[in-house]
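Trainee: With the sequence up front, the predicted model follows.
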Amino acid sequence: MLEVSGLRKVYRSQRREVEAIRDLTFTVDDGELVCVVGPSGCGKTTLLRCVAGLLGPTGGAVRLAGNAVTGPPPGMAVVFQEYGRSLFPWLSVHDNVDLPLRQKRVPRPRRAALVSEALTAVGLDGTQQSNPWQLSGGMQQRVAIARAVAYEPSVLLMDEPFAAVDAQTRAELEDLVRALWQRLGVTILFVTHDIDEAVYLGQRVLVLSASPTVVQDELLVDLPAARDQLHTRADARFTALRARVYEQIQAAKGAQPNTAISS
Amino acid sequence: MLRLSGLAGLLGLAELLPRLGLVDDDYLPPASRIVAALAAEARTAAFWTAVGDTLTAWAIGLVIACTLGVAAGVLIGAVPVLRTWTASTIEFLRPIPSVALIPLAVLLYGTGLGSTLLLVVYAAFWQVLVQVLHGVADVDPVAEETARSFRFSAWARVRHVLWPTALPYVFTGLRLAAAVALVLAVTAELVIGAPGLGSVIAVAQSSGAIATMDALIVVTGLLGVAINLGARLAERRLLSWHQSVRGEVAG
Amino acid sequence: MIRRFLTVLALPVTLFLFWYVASRTSESFYAPPLRTILVAFGDTWTWPRLRADVLPSLGRLAAGYLLAALLGVGLGIAVGASRRLRAAAEPVLEFFRAVPPPVLVPVIMVFAGIGNAMKVIVIVSGCVWPILLNTVEGVRAVDAALSDTSRAYGITGFARLRYLLLPGAAPQIITGLRQALSLAIILMVISEMVAASNGLGFTIVQFQRSFAIPQMWSGIIVLGLLGFVLSELFRLGERFALGWYHGRREAQRRS
C-alpha cells in the first residue's frame, strides 16, 4: 500500500518561500489505479516527485508498504512527461529498457526475456536496435512505458505521460495502460491535467486544489472494468463523473489562496 | 562568497607552499612576493609601454581579422556555389597551426609589429569565418522561403534574413577571436621578440627574475579575463533583443 | 560522384597551380619557386629525418594531449557534479584559461628544465583548461529529466558516470578536446622553438636561422599537413563517438 500522509512541500529560494503543497493525505491500495487531477500549476509534479523519492518533503511522509520513502525506492518505476528527454539518446531502445535491469542485477537470460516481452507488450517489436530519437513521440513514450513495465515494479508512477502526444496516439496509449494494468496487477498512480483521461483510466480520481495544494475531492469511478474509447466516453455515468470533476476543478480555481509567503 | 573562496584558497596555497618549503621558492615565489613584484613593475613606464604594445597589436589584428572574416563569411555564405567550392579549401587551411608562420613572419617583418599582426590576423580570421559560416547555414529554410515568396531581392534577403540569423554567431566568433588574438599576440612577442608583454616575460626569465616573470604572466591572465568578460558583456547587451543568445557551435 | 570530387578538389588544385605558375620565375629570396620548395620537401623529409624530428614531436604531442584529456575530463566531472565545488572553482578556472598558454613555457622551464618532460608538462598545462571547463559545462547541462530518470531507476555510482554523465557531457567534452587539439600543436611547436635539440619546431626555426628558405617552407607545409591530418582524424572519431548526437539533431531539424 502507498500512503501519503500530511505531505507538505515548501520551496525556498533566497528571497521568498513558495508553499507548493500544503497538506495532502491519501492512500493507494495494492493493485489500484488512481488518477490525480488538478488545475494547472497545482503541484501535481511536485507530489509525484515526492512520492518517487526524487524530492524530500518539507513535512509529512510517504510510505510504501510501511517503509518511509527517503530516496527512490526499489520496486517503483516512473514514466515522465518529457518522453524525449527521459530516454537516453545515446543508447538503443533495447539498452534503454535493459539498463535499469542491469542495475538491479537481474541475470542476463531473464533480462533478455523481460526486455523483449515488455517491448512486445507495448507494440514495439523490431525497433530494439533503433535509437529513441528515430521514433515518433508516441513510440518514444511506449519505450518509456516498456522500460517501466520490464522493471517489474509493484508501483508505477506516471507523470502526465501523454500530455505531449497527439490525440489519436493518446487514446491508444490510454488503452495500453489499462490493458497492462489489468494484466500485471501493478499499482498505478497516474497524474494528469486532463479530466476525461482521469475518469476514463482510473478506479478512483483525486481532485487537487490550486496551490498550496490539498485534496479537494475524491470520487470512485463506478464504471465497468472493461472500457473502450467509444462506448465508455459516451456513457451517461462517464459524463456525470466528468461533470463533477470539472465542477470541483473550477471551484478549486475560484478559491485561490495566495501562493507566496514573504519571509 | 563561495566564488571568492576559491580565489582566496589559490592565493593562500601559492603563499604557503613556498613558505613551508614544500616547493623551492626559487621556482615558485610566494604570492606576496609576486604581488610586490607586480607593484614594482606597475610603477615603471616600460611596463605600461609593454601593455600598450600588446593591446595595440591585439586590437589592430582583431579589427583586421574580423573585417575580413565577416566580409568573407557573408559573401561565401550568401552564394551557395561559393560555399560548396570553398568548403574543402577552408577545411584544409583552418587547422594549419598559426605558429607555423612564425619563421615566415620573422623573415618578413623581423621583430616588428608586422610579425605579431601576421600571426594574430591569421589565427583570429578563421574563428570569425567559421562562426559566420555556421550562422549562415543556420538560416531557417521557412524564413528563407517566406522571403523568396514575397519576392525579396537578393540584397534584402541578406539584410533581413541571413544577417540577423548569423548575428549571434558573428558575436560568438568575435568573442573567440578576441581570446585567440591575445594568445597569439603574446606568443609572437615571447617567441619572436616583438615588443610587448611577451618579450618582457622572456627578458625576465633569462635574467632570472622569477617573481617579476610570474607577475607579468598574471597580468596576461588578467588581460585575458578582462577581454573575455568584456566580450561576453558586449555580446549580452548587443544581442539582448535576440530570442536566444546562442551557445557556441561545435566546429 | 565525379561532380562532388570536382567541387572538393577544384579550388585547392587551382590555388596550387596558381602558386606554382606565379612563383615559377620568382627571384625573391623569401618566396622561392614552389618547384624548389617541393624538391626541398622531398630531400628534407626523409625517413631518418622523420624519425629524428617528427616522431619525438608526435610523441610529446600525444603524451601531453592524452594526459590533459584524462585530467580535464576527470576533474571536470568531479567539479561539474558538485554545485559548491563549481562555484568555488569557476573563477580560478576562468583565470587559468585566460592566461595565454605559451607564457607557461618559461615558467615550466624554470623547474622542469628543457627536456621532454618540460614539453609534455607545457602541453598538459595549456590544454587541460578548455577540456576541464567544457566538461564542467557539459555535466551541468545534463538533462534534468534524464538525471531524474536515472535516480528513479537506481542508476547510481559508476553506472551513473558511465551511462549518464559521460555520454551526456560528451558533446561539450568533444568541443573542449577539439579546442585543446589545436592548442596542443601550437604548444608543441613553441616549446620546441624556445628550447629543444630536436623536433619539428626546432628544425623549422633552424632552417629559418640558417636562411635555408625552401627547407623552411617545406617545414611549414609539414606542420600544415600535420594540423590537417589530426583534425581529420579528430573528425572521424567525433562522428563515431557522437553519432547519436548528430542523428538527433538531424531528426529535430526535420520535424
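Mentor: Structure's in. What do you need?

Trainee: Once you drop chain neighbours, what's closest to C:Ala10?
Mentor: Spatial nearest neighbour of C:Ala10, chain neighbours left out: B:Trp85 (6.1 Å); criterion: C-beta to C-beta, 6 or more residues apart in numbering or on different chains. Placement of C-beta: from N, CA and C, glycine included.

Trainee: Report the separation between that neighbour and C:Ile173.
Mentor: In this structure, B:Trp85 and C:Ile173 are 33 Å apart, going by C-beta to C-beta, to the nearest Å.

Trainee: can you tell me the residue of the stretch 151-263 of chain A closest to chain C?
Mentor: When C-beta to the nearest C-beta is the measure, the stretch 151-263 of chain A has its nearest residue to chain C at A:Tyr151, with 6.7 Å between them.

Trainee: residues in contact with the residue nearest to that residue when sequence neighbours are not counted?
Mentor: Leaving aside its sequence neighbours, A:Tyr151 sits nearest to A:Ala77 (C-beta to C-beta, 6+ apart; 4.5 Å). When the contact criterion is C-beta atoms under 8 Å, 6 or more residues apart in numbering or on different chains, the partners of A:Ala77 are A:100, A:147-149, A:151, A:153, A:155-157, C:152-153.

Trainee: give me that answer again for 6 Å
Mentor: Applying C-beta atoms under 6 Å, 6 or more residues apart in numbering or on different chains, we find A:Ala77 in contact with A:148, A:151, A:153, A:156.

Trainee: That one belongs to a helix?
Mentor: No: in this structure, A:Ala77 is strand, not part of a helix, as judged by DSSP: H, G, I helix; E, B strand; the rest coil.

Trainee: Residues of chain A that sit close to chain C?
Mentor: Within chain A, the positions near chain C by C-beta under 6 Å from any C-beta of the partner chain are A:52, A:54, A:72, A:78, A:80, A:82, A:85-86, A:89-90, A:100, A:103, A:131, A:133.

Trainee: Quick one: mark the members of those that sit in strands.
Mentor: Cross-referencing those with the strands (criterion: DSSP state E) gives A:Val78 as the overlap.

Trainee: pretty sure C:Arg86 is touching C:Ile77, no?
Mentor: No: because the distance of 11.3 Å does not satisfy C-beta atoms under 6 Å, C:Arg86 is recorded as not touching C:Ile77.

Trainee: what is in contact with these two at once?
Mentor: Common neighbours of C:Arg86 and C:Ile77, counting by C-beta under 6 Å, 6+ apart, are absent.

Trainee: circling back to that earlier point, tell me the one among the contacts of A:Ala77 nearest to B:Pro80.
Mentor: Using C-beta to C-beta, the shortest approach to B:Pro80 within the contacts of A:Ala77 belongs to A:Ala148, at 47.8 Å.

Trainee: The closest one and A:Val79 touch, don't they?
Mentor: Yes: counting by C-beta under 6 Å, A:Ala148 sits close enough to A:Val79 to count as a contact (5.1 Å).

Trainee: These two: which has the busier surroundings?
Mentor: Set side by side, A:Ala148 and A:Val79 show more neighbours around A:Ala148, with 28 against 25, by other C-beta atoms under 10 Å in any protein chain shown.

Trainee: then the helix or strand B:Trp85 falls within to CSV, C-alphas only?
Mentor: Here B:Trp85 is covered by helix B:80-93, with elements defined by DSSP states H and E. C-alpha atoms of helix B:80-93 as CSV (Å, rounded to 0.1, in the frame of the first residue of the first chain):
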residue,chain,number,x,y,z
PRO,B,80,25.7,28.7,-52.4
VAL,B,81,28.1,28.0,-55.3
LEU,B,82,31.0,29.6,-53.4
ARG,B,83,30.1,27.7,-50.3
THR,B,84,30.4,24.3,-52.0
TRP,B,85,33.6,25.2,-53.9
THR,B,86,35.5,26.7,-50.9
ALA,B,87,34.5,24.2,-48.3
SER,B,88,37.4,21.8,-48.8
THR,B,89,39.9,24.7,-49.0
ILE,B,90,38.7,26.1,-45.8
GLU,B,91,38.8,22.8,-44.1
PHE,B,92,42.4,22.4,-45.2
LEU,B,93,43.7,25.8,-44.3
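
Trainee: what does that helix contact?
Mentor: Contacts to helix B:80-93, defined as C-beta under 6 Å, 6+ apart, come from residues B:76, C:7-8, C:11-12, C:228.

Trainee: can you do 10 Å?
Mentor: With C-beta atoms under 10 Å, 6 or more residues apart in numbering or on different chains as the contact definition, helix B:80-93 has outside contacts at B:72, B:75-77, B:79, B:122, B:125-126, B:129-130, B:133, B:136-137, C:3-4, C:6-15, C:224-225, C:227-228, C:231-232, C:235.

Trainee: which among those residues end up buried?
Mentor: Buried positions within those, assessed by neighbour count (16 or more other C-beta atoms under 10 Å in any protein chain shown), are B:72, B:76-77, B:122, B:125-126, B:129-130, B:133, B:136, C:8, C:11, C:224, C:227-228, C:231.

Trainee: Identify the residues contacting the residue lying closest to A:Leu135 once chain neighbours are set aside.
Mentor: Distances taken as C-beta to C-beta, 6+ apart put A:Thr127 closest to A:Leu135, at 6.5 Å, once the chain neighbours are dropped. Neighbour list for A:Thr127: A:92-94, A:119, A:134-135, A:139, A:142-143, A:146 [criterion: C-beta under 10 Å, 6+ apart].

Trainee: list the contacts for B:Ala177?
Mentor: Contacts here follow C-beta under 10 Å, 6+ apart; on that basis B:Ala177 touches B:61-62, B:65-66, B:69, B:120-121, B:123-129, B:131, B:231.

Trainee: Right, I'll call it a day here.
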